[in-house]
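J.: Quick one: sequence plus predicted model below, questions after.
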Protein chains: 2
Amino acid sequence: MAFLKVVPLERALEIVNSFTLPLGTEEVKLSEALGRIVAEDIYSPIDIPPFDRATVDGYAVRAEDTFMASEANPIKLKVVGEIHAGEEPKLELKKGETVYISTGAMLPKNADAVIQFEDVERVGDEIIIYKPAYPGLGVMKKGVDISKGRLLVRKGERLGFKQTALLSAVGVERVRVFRKPKVAIISTGNEIVLPGSELKPGQIYDINGRALSDAVNELGGEGIFLGIARDDRESLKELIEEGVRVADIVVISGGASGGMRDLTASVIEELGEVKVHGIAIQPGKPTIIGEINGKPVFGLPGYPTSCLTNFTLLVVPLLLRALGREGKVRKVKARLKHKIFSVKGRRQFLPVKLEGGVAVPILKGSGAVTSFIDADGFIEIPETVESVDEGEEVEVTLFEGW
Amino acid sequence: MAFLKVVPLERALEIVNSFTLPLGTEEVKLSEALGRIVAEDIYSPIDIPPFDRATVDGYAVRAEDTFMASEANPIKLKVVGEIHAGEEPKLELKKGETVYISTGAMLPKNADAVIQFEDVERVGDEIIIYKPAYPGLGVMKKGVDISKGRLLVRKGERLGFKQTALLSAVGVERVRVFRKPKVAIISTGNEIVLPGSELKPGQIYDINGRALSDAVNELGGEGIFLGIARDDRESLKELIEEGVRVADIVVISGGASGGMRDLTASVIEELGEVKVHGIAIQPGKPTIIGEINGKPVFGLPGYPTSCLTNFTLLVVPLLLRALGREGKVRKVKARLKHKIFSVKGRRQFLPVKLEGGVAVPILKGSGAVTSFIDADGFIEIPETVESVDEGEEVEVTLFEGW
């Protein structure tokens, strides 16, 4: 057990990176694949178009039959049939023959051009042509749009509506996607109750449970909020065991009281192993990283902004990796609104609000719900830095748009 | 009936804007509210914190009892109890008394400060204080974070994880949201088959059905793909009637053949009213806007890029309005990659790909699936313009991120 041996963030991240989530993949119907992450490169199984296709309404011809056509030397072709979109042409063009063809229809054998009907004169069962048609006129050749075997969607890519439409166009009906990582969320603390319960004196409503489960959902995982563990061993143990059973990752957010932290660590140690108990960052000193049955278990601080900061630092990269994405959270550059002070030797993560390229430090304290709501992300102030000046460029790690 | 009377886009948009979708609202559980659009302003029903709350582990005191404390004049207070987070304090502090209090716990009556335990000396059932505590020290006052009645979420706002967490924190369990607009999607054409079917000669797989239903889903609506209508009156009529029955809006994308357009208009006229048949834009000339049982029915071009362009111009604003959002699609400025030509008198919408602030025109033709995939949006070239120069600033209406 690693009780109270505070480790640097880098060591904590090494441990996070050492976790492997054997999530596996699953096959879903294309109609349910929107938003999912593709688990393998997908290549086109067919040519698009799958046949030489008329792009205009008109007459399919052998171009060579028309090469000599001019106003002075009109050429007549005999109309031997009609082909409509969706039909298989049953005939093949012989010298001097043509067929009426509609847009989208398949060219008959030997035809290599389509002259739009406005450009010919039809007389009985003949058409009269006054200028030559070149091979390929009015035709989209088989495979010219998408050739069979072309890479359509890469492993790790998210399926937006364009991607699902593309897969439909090549006839893909089922797609192999990464299984959504399931994250069990547990809130702890005797003072916490769920919305819908009456608030008795001394109690507050849960915020972290909803925040973390919905953050997981927004990320593309499946957040499973298991409820609230009371500050007693059995209640906490029961929920952690359930979390390990139903999910790939378990995230516990601490109650406000100090003793809860040790209880969480002790229960994790009983059920598995505590790998980190304390990280040399602020907020995050009480953060726990453990493993039970090969599954990562995180104990995060209880204050909402601290909780979300540590979630973003430690859990989000793991989730992104599990989703087949790069595993990097989003960062933007900004200018600091006003000078801030830190303490030498303390590695601090300070929540900020972004206002058009300017990072406004949020100094209300991480216990405030409004800090949590206002914060668009956080900046890091290293141990060696005692202050950051107004207007200095800072890098903001974002809480949203992961 | 308005057969083949081509109208300007502005007139078509007037008609679109005249549609009212009586979508109404529905109440959902907070745990299922992520991503939904709020249908009414939500105010906090409670103060946060709901009571004067200790922000540190320590001793709750009457600040005035400590005002005279100094190193030279330590003051002793009697510890008369303990209060833990979640408990209702049963006692009230009398002069000279204190209680041990844990972070997050409710202050007892008469207490107005909490001195953290590191700053006092405990001897038996007494603590010794060496410096004064000011009122409010170590305390978050009732309502200081969020006061009862404060506006939390505005009508029309999307509920992200921060908003659901905020509503949880104030105990909101159910949220009134806009009902998702249901959009029935119908593809037409004898040549179109669904993925999963075998592709016979002359046939192609559907693209618009999947594209439009998933685009509606991404927008926050509910896309219901009803399948493919054959080029015959009964097949089309049946699906349009089903669409009007199950959805708020019906969108039909035309097959490649010309006759389909008139068939669609004729069926809409039979079941309701054709309000627009033809818009003076390219692509979009064959676009139909109708109304059946008070519900908007759109007939869009069959070529995928044309279909998506007209969907973005006509249907997306209606959907955004139904979702309680502003009804404006997203636009960005870009520089044109190379000179393009248009035809005077033709109002053209040209698909472009965005490459870092540069708009690259897609000239492959709107029949190509790859045009559809590459296009990030489109630019408008007015009737009066015959060419747009390389490097000129253009406004790109986006196909994504609505």
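T.: Good, I have the coordinates. Numbering: from 1, shown residues only, chains lettered A, B, ... in the order given.

J.: Count the neighbours of A:Arg154 for me.
T.: 11 (other CB atoms under 10 Å in any protein chain shown). From N, CA and C alone the C-beta is placed, and that goes for glycine too.

J.: what does A:Lys180 give?
T.: So A:Lys180, with other CB under 10 Å, has 22 neighbours.

J.: where exactly do the helices run in the stretch 251-400 of chain A?
T.: Using DSSP state H, counting those that start in this stretch, the helices of the stretch 251-400 of chain A run over residues A:259-271, A:304-310, A:316-322, A:369-374.

J.: Which residue, neighbours along the chain excluded, lies closest to A:Asp232?
T.: Nearest residue to A:Asp232, sequence neighbours excluded (CB to CB, 6 or more residues apart in numbering or on different chains): A:Leu263, at 7.9 Å.

J.: List the contacts of the one you found.
T.: Counting by CB atoms under 8 Å, 6 or more residues apart in numbering or on different chains, A:Leu263 touches A:231-233, A:236.

J.: What residues sit buried inside stretch A:51-69?
T.: For stretch A:51-69, a neighbour-count test (16 or more other CB atoms under 10 Å in any protein chain shown) marks A:51-63, A:65-66, A:69 as buried.

J.: and the residue nearest to A:Val7 when sequence neighbours are not counted, how many neighbours does it have?
T.: Take A:Val7 and drop its neighbours on the chain: the residue closest to it by CB to CB, 6+ apart is A:Val276, 5.6 Å away. Each residue near A:Val276 was counted by other CB under 10 Å, and the total is 22.

J.: just checking, A:Val276 touches A:Arg11?
T.: Yes: A:Val276 is in contact with A:Arg11 according to CB atoms under 8 Å; the separation is 7.3 Å.

J.: Who are the contact partners of the residue nearest to A:Glu71 when sequence neighbours are not counted?
T.: Spatial nearest neighbour of A:Glu71, chain neighbours left out: A:Tyr130 (5.2 Å); criterion: CB to CB, 6+ apart. Residues in contact with A:Tyr130 (CB under 8 Å, 6+ apart) are A:69-71, A:74, A:119-121.

J.: Just read off the phi/psi values of A:Tyr130.
T.: Taking degrees, to the nearest 10, you get phi -110, psi -10 for the backbone angles of A:Tyr130.

J.: Any figure for the gap between it and B:Pro135?
T.: 99 Å (CB to CB, to the nearest Å).

J.: Specify the local secondary structure of A:Ala165.
T.: helix (DSSP: H, G, I helix; E, B strand; the rest coil).

J.: count of residues packed around it?
T.: 26.

J.: Could you do A:Ile224 as well?
T.: Quick note: A:Ile224 (other CB under 10 Å) scores 18 neighbours.

J.: how about it, what does it touch?
T.: Contacts of A:Ile224 (CB under 8 Å, 6+ apart): A:182-185, A:213, A:243, A:246-247.

J.: Break down the stretch 51-200 of chain A into its strands, ranges please.
T.: A:53-54, A:58-61, A:75-83, A:97-101, A:113-116, A:120-123, A:126-129, A:139-140, A:151-153, A:174-178, A:182-188, A:192-193 (DSSP state E, counting those that start in this stretch).

J.: looking at those, which is closest to chain B?
T.: Proximity to chain B (CB to the nearest CB) singles out strand A:139-140 among the strands of the stretch 51-200 of chain A, at 6.4 Å.

J.: How about that closest one and chain B, any contact?
T.: Yes: applying CB under 8 Å from any CB of the partner chain, one finds strand A:139-140 touching chain B at A:Met140.

J.: From the chain's centroid, how far away is that strand?
T.: 36 Å (CA atoms, centre = their mean, to the nearest Å).

J.: which residues sit against that strand?
T.: Contacts for strand A:139-140 (CB under 8 Å, 6+ apart): A:49, A:52-55, A:107, A:112-114, B:365, B:367-368.

J.: ok, 10 Å please
T.: A:48-49, A:51-56, A:60, A:63, A:101, A:104, A:107, A:111-114, A:133, B:364-365, B:367-368 (CB atoms under 10 Å, 6 or more residues apart in numbering or on different chains).

J.: Secondary structure element holding A:Glu26?
T.: According to DSSP states H and E, A:Glu26 maps onto strand A:25-29.

J.: Tell me which strands that strand pairs with, and in which orientation.
T.: Using DSSP bridges, strand A:25-29 pairs in its sheet with strand A:174-178 (antiparallel).

J.: ok, for the spatially most central residue of chain A, nearest residue in space, not its chain neighbours?
T.: For chain A, A:Arg158 is the residue whose C-alpha lies nearest the centre (CA atoms, centre = their mean; 4.7 Å). In space, and not counting its chain neighbours, A:Arg158 is closest to A:Ile37: 5.6 Å by CB to CB, 6+ apart.

J.: Neighbours of that neighbour, how many?
T.: Neighbour count of A:Ile37, defined by other CB under 10 Å: 21.

J.: who's in contact with it?
T.: Per CB under 10 Å, 6+ apart, neighbours of A:Ile37: A:25, A:155-159, A:177-180, A:220, A:320, A:322-325.

J.: mind running it again at 8 Å?
T.: So A:Ile37 contacts A:156-159, A:177-178, A:220, A:323-325 (CB under 8 Å, 6+ apart).

J.: tell me how far the ends of stretch A:93-112 are from each other?
T.: Stretch A:93-112 stretches 10 Å from its first residue to its last (CA to CA, to the nearest Å).

J.: Go through that stretch and flag the buried ones.
T.: A:93, A:97-108, A:110-112.

J.: Kindly report the same for stretch A:339-352.
T.: Neighbour-count burial for stretch A:339-352 flags A:340, A:342, A:347-352 (criterion: 16+ other CB under 10 Å).

J.: before we move on, back to that, of the contacts of A:Ile224, buried ones?
T.: Buried among those (16+ other CB under 10 Å): A:182-185, A:213, A:243, A:247.

J.: So which of the residues you listed reach chain B?
T.: Near chain B, by the rule CB under 8 Å from any CB, you find A:Ser213 out of the buried ones among the contacts of A:Ile224.

J.: Looking at the buried ones among the contacts of A:Ile224, which is nearest A:Gly202?
T.: A:Ile185 (23.5 Å; CB to CB).

J.: Next, the contact list for the closest one, please.
T.: Contacts of A:Ile185 (CB under 8 Å, 6+ apart): A:208-209, A:212-213, A:216, A:223-226, A:251, A:253.

J.: Contact residues of the stretch 301-402 of chain A facing chain B?
T.: A:302, A:304, A:365, A:367-370, A:372-373, A:399-400.
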